[in-house]
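Enquirer: Sequence and predicted structure, then a few things I'm wondering about:
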Amino acid sequence: MPKRILTGTVVSDKTDKTVTVLVERKVKHPLYGKIIRRSKKYHAHDEDNAYHTGERVRIEETKPISKTKSWKVLDRLQASKGTALEANLDVDNAR
């Protein structure tokens, strides 16, 4: 049986060798017919801690690595847009 491959966005990279990937899918509402988004988070194995928050990645199903981790990151599809920086706004108001 082939392994499932999903595409999602890394939402957390705080744990060691693990990233949390948010996978969104669109489904049609059974009664109203409107297209709605459904999302689920997966814990994926990242051996080198190479992936960071905001990146689009592909994940592949594997045998269980830990209690919650049974996916591994295949590759990066799109790099993150950058991280937020705090601005230092120490401006002297000389009037």
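Expert: In hand now; what should we look at? Nothing here was measured: the structure is a model prediction, and the numbers come from that model. Residues are numbered from 1 along each chain as shown.
Enquirer: Where do the helices of the chain begin and end?
Expert: For the chain, applying DSSP state H gives no helices.
Enquirer: Quick one: low-confidence residue ranges for it.
Expert: 82-89, 91-95 (pLDDT under 70).
Enquirer: let's see it at 80
Expert: Applying pLDDT under 80 to the chain picks out residues 81-95.
Enquirer: Okay, strands next: where are they in it?
Expert: Using DSSP state E, the strands of the chain run over residues 5-12, 18-28, 35-45, 56-61, 69-78.
Enquirer: Now the last one: buried residues?
Expert: Neighbour-count burial for strand 69-78 flags Lys69, Trp71, Lys72, Val73 (criterion: 16 or more other CB atoms under 10 Å). Where C-beta positions appear, they are placed from N, C-alpha and C, glycine not excepted.
Enquirer: Now do Asp75 against Leu31, distance only.
Expert: The gap separating Asp75 from Leu31 is 39 Å, by CB to CB, to the nearest Å.
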